[in-house]
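[1] Show me the folded form of this:
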Amino acid sequence: MAQVLALGRMVEASSELRLAEHTYEASALAELLGVPAEKVNEDRLYRTLDRILPHKTALEKHFQQRLGELFQLEYNLLLYDVTSTYFEGEAAANPQAWRGYSRDHRPDCKQVNIAMVVSRSGLPLGYEVFAGNRSDVTTVEQVVAAMEHKYGRANCIWVMDRGMVSAENIEFLKKGGRRYILGTAKSMLRKFEQQLLDESWREVHAGLEVK
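    From the prediction side, this is the model:
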């Protein structure tokens, strides 16, 4: 079932229910894996996710190492962002399901926030799940610390948008000697408008100018 989940996600990135009801039977996965379509249903897939979850950290480390070996990937640039996913219904059994800022434009639904860290090539290195009413800016310290615990800190530059910026987060990043590129609040851009408009930019390579 773990193979079914992994390959199903590559064939068609959709829900476990969609995989069980359509994708698996409509593809060659049954022939490739030797698992008949009637043996694949949403209950088995959901139970498999529950059994995989305790091994999350070990799996992330394993995949990060194997990707580096197979494709010589570099992890010197880590891009961090937060998204959300909402629930139809009350989600009463999920203590992290709360109403909050909805990126799906469904403020009527409870949701959870998912913090994702990816490499410069877009490959995921790790994720954390937060309560649906937690603001992005409060997740930075926890996620950075978790990623450094797993993979270390050497030669790493963190890239985040302006939703992660606060005086506390900047102090945290500086205090640890971390390198970072942060999106700037619009109010700060206005403060430096004249300096940004002058022509003292320097092209470091095609399509990229710095000041």
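
[2] need the contact list for the residue sitting nearest the centre point of the chain.
    Nearest to the geometric centre of the chain sits residue 116, at 1.7 Å (Cα atoms, centre = their mean). When contacts are counted by Cβ atoms under 8 Å, 6 or more residues apart in numbering, residue 116 is found next to 80, 81, 82, 83, 124, 126, 127. Just so you know, the C-beta spots here come from the backbone N, C-alpha and C atoms, and that holds for glycine as well.

[3] immediately after the lengthiest strand in the chain, which helix or strand?
    Determined from DSSP state E, the single longest strand within the chain is strand 77-86. Once the chain leaves strand 77-86, the next helix or strand it forms, by DSSP states H and E, is strand 111-118.

[4] Give me the contacts around the following helix or strand past that next one.
    Sequence-wise, the next helix or strand downstream of strand 111-118 (DSSP H and E) is strand 124-131. Residues external to strand 124-131 that are found in contact with it (Cβ under 8 Å, 6+ apart): 60, 64, 75, 78, 82, 95-98, 100, 112-119, 139, 142-143, 146-147, 150-151.

[5] List buried members of these by neighbour count.
    Buried residues within the contacts of strand 124-131, counting neighbours by 16 or more other Cβ atoms under 10 Å: 60, 64, 75, 78, 82, 97-98, 100, 112-113, 115, 117-119, 139, 143, 146-147, 151.

[6] which stretches of this protein form helices?
    Assignment of helices within the chain using DSSP state H yields the ranges 2-11, 16-18, 24-26, 29-33, 42-52, 56-71, 140-151, 167-175, 186-191, 193-197.

[7] Can you lay out these as TSV showing mean pLDDT and distance to residue 203?
    What follows is the helices of the chain, written out as TSV (pLDDT from 0 to 100; distance: least, Cβ to Cβ, whole Å):
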stretch	mean pLDDT	distance to residue 203
helix 2-11	94	39
helix 16-18	95	47
helix 24-26	95	50
helix 29-33	95	49
helix 42-52	96	47
helix 56-71	87	30
helix 140-151	91	31
helix 167-175	94	27
helix 186-191	82	21
helix 193-197	86	16
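
[8] And these: which comes nearest residue 106?
    helix 16-18 (18.5 Å; Cβ to Cβ).

[9] Now do the closest one: which elements does it pack against?
    Packed against helix 16-18 by the contact rule (3 or more Cβ pairs under 8 Å, 6 or more residues apart in numbering; DSSP states H and E) you find helix 42-52.

[10] Report all helices and strands that the helix it packs on contacts.
    For helix 42-52, the packing partners by 3+ Cβ pairs under 8 Å, 6+ apart are helix 2-11, helix 16-18.

[11] What residues sit buried inside it?
    Within helix 42-52, the residues that count as buried by 16+ other Cβ under 10 Å are 45, 48.

[12] now that helix, how far from the centre of its chain.
    Centre-to-centre, helix 42-52 and its host chain are 21 Å apart (Cα atoms, centre = their mean, to the nearest Å).

[13] How about stretch 72-84?
    On Cα atoms, centre = their mean, the centre of stretch 72-84 falls 8 Å from the chain's centre.
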